[in-house]
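Chemist: only geometry, no sequence info:
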């Protein structure tokens, strides 16, 4: 890491303490690895004391400082209050999508992964797929909520304003109670996600498909009920312009589009309970 311009570490979770040249510090796994030549202070959230995970009748609130280890452990323990949330089955594969050691899991945070806004961010995929809403606090003292699908706007880009702090992500009970299916693909066995799709069927029968990693920002398709294959394909073509498919060393846009189309149909078929097609 190279942060030799930093002059002060300030323990605070008060957005009003923010000033030009500051950066919010949670786990710091990306901040320290990328370095900086402009930062002057780090505003350390490690002592904020925010409860990592809070269950209520409305759903699950995940603090921005919740580590990947804490989220993974919560899903494994499955407390009684979360017994009716089968969508928590997504947590483990999304955590595994980091392709990182447990040393990283112990430090890396859910909020940090969202704010970094990499297309392959698995916490972005998880939160977006489950209709997550981000609570944002500004230095001026105002607060607002924003859907995670709107928070991440591009490759490394977010809707955060200067100094704005991500406080938590709330996952609603109706999404957590849904049936889900997930598909992920990388060009290499231990490579970064190049395609990550999550589909869900809510208790009322609505179908939601969320595309991440293949695209520069989360793309979500919604249907009142499970569509058939042609309807889903048409909706994908309409929702995802060719310019939205990500292009980097982890996969060409054409390949990502092909895999998105294939995985979306696999997810639709699985959630519809259709028999798996077998090669002769």
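Modeler: Thanks, I have the structure now. Just so we're clear, the structure is a prediction, and the values are computed from it rather than from any experiment.

Chemist: What is whichever strand or helix holds residue 71 packed up against?
Modeler: Per DSSP states H and E: residue 71 is located in helix 68-77. Using 3 or more C-beta pairs under 8 Å, 6 or more residues apart in numbering; DSSP states H and E, the elements in contact with helix 68-77 are strand 53-56, helix 91-96, helix 102-105, helix 110-116. No exception for glycine: its C-beta is placed from N, CA and C like everyone else's.

Chemist: most packed of those?
Modeler: Mean neighbours per residue, mean count of other C-beta atoms under 10 Å, is largest over the helices and strands packed on helix 68-77 for helix 110-116, with a mean of 25.

Chemist: quick one: contacts of stretch 134-153?
Modeler: By C-beta atoms under 8 Å, 6 or more residues apart in numbering, the residues outside stretch 134-153 that reach it are 15-18, 114, 117, 121, 124, 127-128, 131-133, 158-170, 210, 217-220.

Chemist: Sorry, wrong one. I was asking about stretch 5-25.
Modeler: Here stretch 5-25 makes contact (C-beta under 8 Å, 6+ apart) with 31, 36-48, 50, 115, 137-141, 163-165.

Chemist: now swap in stretch 31-39 and tell me
Modeler: Outside stretch 31-39, the residues touching it (C-beta under 8 Å, 6+ apart) are 1, 2, 3, 5, 6, 21, 22, 23, 25, 42.

Chemist: and residue 67, how far is that from residue 137?
Modeler: According to C-beta to C-beta, to the nearest Å, residue 67 and residue 137 sit 20 Å apart.

Chemist: re the thing from before, list the buried ones in the helix holding residue 71?
Modeler: Buried residues in helix 68-77, defined by neighbour count with 16 or more other C-beta atoms under 10 Å: 68, 69, 70, 71, 72, 74, 75.

Chemist: Show the contacting residues for the second one.
Modeler: Residue 69 makes contact with 102, 105, 106 under the criterion C-beta under 8 Å, 6+ apart.

Chemist: Of those residues, which is the nearest to residue 237?
Modeler: Within these, the smallest distance to residue 237 is 37.3 Å, found for residue 105 (C-beta to C-beta).

Chemist: didn't that closest one look like it was pressed against residue 67?
Modeler: Yes. Between residue 105 and residue 67 there is a contact at 6.7 Å, judged by C-beta atoms under 8 Å.

Chemist: one step back: just give me the closest of the buried residues of helix 68-77 to residue 182.
Modeler: Using C-beta to C-beta, the buried residues of helix 68-77 come closest to residue 182 at residue 75, 13.5 Å.

Chemist: For the closest one, which non-adjacent residue is spatially closest?
Modeler: residue 91 (3.6 Å; C-beta to C-beta, 6 or more residues apart in numbering).
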